[in-house]
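>>> below are the sequence and a predicted model; questions follow.
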Amino acid sequence: MNYPVIKAASYCLVHTPNLMYHNGSTQVVERIRDESSEYLKKLKQHIRNFEEAVKYPPNQVYIGNMKPEDLSKINQPWYDNPVEDAQTSGEFGDIIPEDVFYGFMKIVDAFDLVLLEESFVKEIKPKIQQMAYTTEEDIARIGEGVSIGKIEELTHSKDAEGLYLGERMVGCVKKAHNIDETLSAHVMVENLATKASAVLTLRMLLQKNNISPEEIDYVIETSEEACGDMNQRGGGNFAKAIAAMAGCNNATGCDIRAFCAGPAHGIVNAASLVQAGVFKNVVVLGGGAAAKLGMNGKDHVKKGMPVLEDVLGGFAVLISENDGKNPVIRTDLVGKHTVGAGSSPQAVITSLVAEPLDKEGRKIPDVDRYAVEMQNPEITRPAGAGDVPQSNYKMIGALAVKRNELERRELMNFVQTHGMPGFAPTQGHIPSGVPFIGFARKFILKGEINTAMIIGKGSLFLGRMTDLFDGVSFIIEKNAGKTPQEKGLDKEEIKTLIARAMKEVAEKLLNSTQ
């Protein structure tokens, strides 16, 4: 069978410490409770600069400059052991500074909601012009800026939320409606941040892989934000808005939402569309979540750490028709956490890992690498959540032991050889399996591994509509080469047969009337 392939993958990080301070949900709630909070006073002392964020080892892994296993060779805490020769540009994507990102929020703004201060615009324009994936049209969209007085007037009247670099206000985002809370300034900041980070990532995907935007047929956006108004709060469509800003003029698209499991659902849907022949090239992507910036900030400050949740993440994966070369997605070996599966850890791992492997008689150790919830443990440990990836790998290994596919004494070795350290920012949907897709493709093409399983899990109960858990998994494996299509009739042969049959019917009717 000609399965769809993963043709390219890209990943972007945006260092946004000021968005974290002013728009992260933990900080917003704290400010509502107590504007003179001791936490907020101390927080600024724990904010990293751009260079520190770039040199942070997990961030270098995320954009492809280091392998996940390289983190095992670096002493923890990783934030005390920076990568001295770190680069802002990687094989998979780039790390973007906050001032440039504000410019991109203005570039992707279709309704003049983002206002940037005029002297700030003069500072960022040259930086944006030098980027490999920007256009003259982008520069024109930024404009010349407005006076600081105009920005202060809007923020003081609560008609806009400020954009800051330290203590300096450099712009604002206006509300899009006087009454509708779904179009408030705060929500528009979140949605524009999601859109801008996704546009950056998609442009990186196209530019770094020499792909024409005109080749993209369909875009599926899988972040955790929702754009709409009071009449359809999650109506969308981020996907089409993002495609437009990346020049994908032949594409349409839609948004898929499933909390942290959204990207895995999106990729399964994309693979199915390609295999069915509906579309040839489908991009699955997601921008960052401003609300989750600094989510565990209180615990980081208590522990005397830098606040590590200061980056927005973005990802984009291109799924295309089988080319006989790139790794395939086995659409016949998809795992799913069903309604009746139960939410115990064993039930979840069984449905997502064991059941799809059972379809082809495979064992758990037969998969070379598993990509689970790839949260960075330095972020989650201080908050009491432990090392999330390692816990998942232990559960997968334990299930293999229970199924007599692995000796108990080999459990920790299984964790080391089939797993990897977590390296993704805690942006909900971002770490859920997809950060390894770029590496899986690379490793398979180089012959270092043959198979990988991507596991996305989600917490549907957060929406208060159900108490159910969620999850989807799929297998990526080495391409065995394009298989010849089953012998069938082409269009011309079918036309000839129809014409011949019609002729025979006409002759019979003619003979019967004579």
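All right, it came through fine.
>>> could I get the full set of strands for the chain?
5-15, 95-96, 114-116, 160-165, 168-174, 218-221, 252-255, 281-286, 311-320, 328-329, 335-336, 369-371, 451-458, 470-477 (DSSP state E).
>>> out of these, nearest to Lys44?
Closest approach to Lys44 among those (C-beta to C-beta): strand 160-165, 11.3 Å. Any C-beta I mention is one placed from the backbone N, CA and C, and that applies to glycine too.
>>> next, count neighbours for the nearest residue to Ala341 once chain neighbours are set aside.
Once flanking residues are discounted, Ala341 sits nearest to Ser351: 4.6 Å by C-beta to C-beta, 6 or more residues apart in numbering. With neighbours defined by other C-beta atoms under 10 Å, the count for Ser351 comes to 21.
>>> JSON lines for the strands of the chain, including distance to Ile430?
Formatted as JSON lines, those follow (distance: least, C-beta to C-beta, whole Å):
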{"stretch": "strand 5-15", "distance to Ile430": "9"}
{"stretch": "strand 95-96", "distance to Ile430": "14"}
{"stretch": "strand 114-116", "distance to Ile430": "23"}
{"stretch": "strand 160-165", "distance to Ile430": "22"}
{"stretch": "strand 168-174", "distance to Ile430": "22"}
{"stretch": "strand 218-221", "distance to Ile430": "13"}
{"stretch": "strand 252-255", "distance to Ile430": "16"}
{"stretch": "strand 281-286", "distance to Ile430": "7"}
{"stretch": "strand 311-320", "distance to Ile430": "4"}
{"stretch": "strand 328-329", "distance to Ile430": "20"}
{"stretch": "strand 335-336", "distance to Ile430": "21"}
{"stretch": "strand 369-371", "distance to Ile430": "13"}
{"stretch": "strand 451-458", "distance to Ile430": "11"}
{"stretch": "strand 470-477", "distance to Ile430": "16"}
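>>> can you tell which of these is closest to Ala400?
Nearest to Ala400, of the strands of the chain and by C-beta to C-beta, is strand 369-371 at 10.8 Å.
>>> show me what the closest one is packed against.
Contacts defined by 3 or more C-beta pairs under 8 Å, 6 or more residues apart in numbering; DSSP states H and E place strand 369-371 against helix 388-402, helix 437-445, strand 451-458.
>>> tell me the most buried of these?
strand 451-458 (a mean of 26; mean count of other C-beta atoms under 10 Å).
>>> what angle do it and strand 470-477 make?
Strand 451-458 and strand 470-477 are oriented at 170 degrees to each other (axes from the mean of the first three to the mean of the last three C-alpha atoms, to 10 degrees).
>>> pLDDT weak spots in the protein?
Within the chain, the segments meeting pLDDT under 70 span 484-497, 499, 503, 505-514.
>>> so Cys172 sits against Leu115, correct?
Yes - under the contact definition of C-beta atoms under 8 Å, Cys172 touches Leu115, with a separation of 5.3 Å.
>>> hang on, the earlier thing: who wins for proximity to Val54 among the strands of the chain?
strand 95-96 (5.3 Å).
>>> adjacent strands (with direction) for the closest one?
Sheet pairing of strand 95-96 (DSSP bridges) gives strand 5-15 (parallel).
>>> CA-only coordinates of the strand it pairs with in CSV, if you can.
Backbone C-alpha positions of strand 5-15 (Å, rounded to 0.1, in the frame of the first residue of the first chain) are rendered in CSV as follows:
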residue,chain,number,x,y,z
VAL,A,5,4.9,10.3,3.8
ILE,A,6,6.4,12.9,6.1
LYS,A,7,8.1,15.2,3.7
ALA,A,8,9.3,17.9,6.1
ALA,A,9,9.0,19.2,9.6
SER,A,10,9.8,22.5,11.2
TYR,A,11,9.9,23.9,14.7
CYS,A,12,10.1,27.5,16.0
LEU,A,13,10.6,29.1,19.4
VAL,A,14,9.8,32.7,20.3
HIS,A,15,11.4,34.1,23.4
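>>> report the buried residues of that strand.
Neighbour counts over strand 5-15 (16 or more other C-beta atoms under 10 Å) mark 5-15 as buried.
>>> then stretch 112-128?
Buried, per 16+ other C-beta under 10 Å, within stretch 112-128: 113-117, 120-121, 124-125, 128.
>>> list the contacts of that stretch.
Applying C-beta atoms under 8 Å, 6 or more residues apart in numbering, the external contacts of stretch 112-128 come out as 99-100, 102-107, 134, 138-139, 142-148, 150-151, 154, 160, 163, 165, 169-176, 188, 192.
>>> from Gly236, how far out is Ile267?
Ile267 sits 18 Å away from Gly236 when distances are taken as C-beta to C-beta, to the nearest Å.
>>> no, scratch that, I was asking about Gly103
From Gly103 to Gly236 the distance is 25 Å (C-beta to C-beta).
>>> higher neighbour count, these two?
For the pair Gly103 and Gly236, the greater number of neighbours falls to Gly103 (28 against 17), based on other C-beta under 10 Å.
>>> of the strands of the chain, which approaches Met420 most closely?
strand 369-371 (7.0 Å).
>>> direction included, what does that closest one pair against?
Looking at strand 369-371 with DSSP bridges, what it pairs with is strand 451-458 (parallel).
>>> off-centre distance for the strand it pairs with?
13 Å (C-alpha atoms, centre = their mean, to the nearest Å).
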